[in-house]
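**Q** The sequence and its predicted three-dimensional model are supplied below.
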Amino acid sequence: MKRSLAAFFFALTLAGCAVNTRYVSYTDQKFPAKSTYYFISIYPETQAPSFTQPYRTIGRVEVSGHASDGVNADTLGDEARQVARSRGADAIINARTEAVNYSGMEVIPGYCGYRRCRPPEYIPYIDTDVRLRGELIVFMPAGVTESK
């Protein structure tokens, strides 16, 4: 029991905080989830979608993570596709990927023990925050017009 609990917490720390996902719904309507093998296309802001079929925007997805955790544009795209599949979307449009560099200082506090004192340590770090934002769309059946 103790080993399985320790393994669970170890797996949780490995998979827990690498990618942050946020979904904002634009509609109250629910759509059935797509299968695991359904391919979701991602269209950047600069590229107009190539389909002529009418569609409806159902929400916005935002995925972010740190480059030091192994997150890159492909990882973010895969995570955004997974969110789109679970929400029943057919594609992601107006996608934008950005990388923001930031730096900081990690402070390890010092201490004074029985016979010696250790001063605090200041360790600088530089990291990159990688983000992907896009809108989820669902294709409308033929002959159905959007009423606004």
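**A** Cool, the structure landed.

**Q** Check which helix or strand the residue lying closest to Gln29 once chain neighbours are set aside maps to.
**A** Counting by C-beta to C-beta, 6 or more residues apart in numbering, Gln29 lies nearest to Ile58, which is 7.3 Å off, once chain neighbours are set aside. All C-beta spots, glycine's among them, are computed from the backbone N, C-alpha and C. Assigned by DSSP states H and E, Ile58 belongs to strand 55-66.

**Q** List the buried residues in that strand.
**A** By neighbour count, with 16 or more other C-beta atoms under 10 Å as the criterion, the buried positions of strand 55-66 are 55-56, 58-66.

**Q** Kindly report the same for stretch 84-95.
**A** Buried residues in stretch 84-95, counted by 16+ other C-beta under 10 Å: 84-85, 87-95.

**Q** and the most far-flung residue of the chain relative to its centre, what element?
**A** When distances are taken from the C-alpha mean of the chain, Arg115 lies farthest, 49.1 Å away, according to C-alpha atoms, centre = their mean. Counting by DSSP H and E, Arg115 is held by no secondary-structure element, helix or strand.

**Q** what's next to stretch 30-45, contact-wise?
**A** Outside stretch 30-45, the residues within contact range by C-beta atoms under 8 Å, 6 or more residues apart in numbering are 49, 58, 77, 80-81, 84-97, 134, 138.

**Q** swap the cut-off to 10 Å and go again
**A** 49-51, 56, 58, 76-78, 80-97, 132-138 (C-beta atoms under 10 Å, 6 or more residues apart in numbering).
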